[in-house]
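> here is my input, please return the structure:
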Amino acid sequence: MAKVGKRLVKEYESEEIVVEWEPRLCFHSGNCGRLLPRVFDREARPWVNVTAASADEIEATVDHCPSGALRVRRAGRVPLKGIQARPMAKGPLLLRGEVKVYDSDGNLLFEGERAALCRCGGSSNKPFCDGTHKTNGFQG
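Model prediction:
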């Protein structure tokens, strides 16, 4: 477990891959557990078992994390260039690429390859999505 500034980032590591999980960004889409339950099991401790699948399988699954709460590091990989933004139907704004999110004072809140920003206005973790859109009737 590592603190990056004010951020808590948990790391799960094998010889081939490191999975990072930043809980404050997770809105629990459940994609990881549905796609690779032997690695991502919310009932197990630790909940991420990086030895239960190949690094390629894990990386492909993490790629389906819409919020950017899950990330992978592998030696020799070059990060994405530029940025893409796509609103999720009835959900957050999904960002991919060289994502940097700042607060109104110019302080860096997040830097990574993916982020999910709140569009419903109900998140208690603004500007990040916390999944509130699922229960507050957001239709955006």
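> now do the helices in the protein.
31-35, 55-62 (DSSP state H).
> okay, the last one in PDB with CA atoms only?
It stands for helix 55-62. Written as PDB, here are the backbone C-alpha positions of helix 55-62 (Å, rounded to 0.1, in the frame of the first residue of the first chain):
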ATOM      1  CA  ALA A  55      -0.200 -10.900 -17.100                       C
ATOM      2  CA  ASP A  56      -1.800 -10.500 -20.600                       C
ATOM      3  CA  GLU A  57      -5.200 -11.600 -19.200                       C
ATOM      4  CA  ILE A  58      -4.900  -9.300 -16.200                       C
ATOM      5  CA  GLU A  59      -3.900  -6.300 -18.400                       C
ATOM      6  CA  ALA A  60      -6.800  -7.000 -20.800                       C
ATOM      7  CA  THR A  61      -9.300  -7.100 -17.900                       C
ATOM      8  CA  VAL A  62      -7.900  -3.900 -16.200                       C
END
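> contacts for that helix?
14, 16-17, 19, 31-32, 35-36, 39-40, 50, 53, 70-72, 74 (CB atoms under 8 Å, 6 or more residues apart in numbering). C-beta: built from backbone N, CA, C; applies to glycine.
> quick one: buried ones out of the residues you listed?
With burial judged by 16 or more other CB atoms under 10 Å, the buried subset of the contacts of helix 55-62 is 17, 19, 31-32, 35-36, 39-40, 50, 53, 70-72.
> Asp103: which of those residues is nearest?
Arg71 (21.0 Å; CB to CB).
> hmm, back to that, hey, which of the helices of the chain is tucked in deepest?
Across the helices of the chain, averaging neighbours per residue (mean count of other CB atoms under 10 Å) puts helix 55-62 on top, at a mean of 19.
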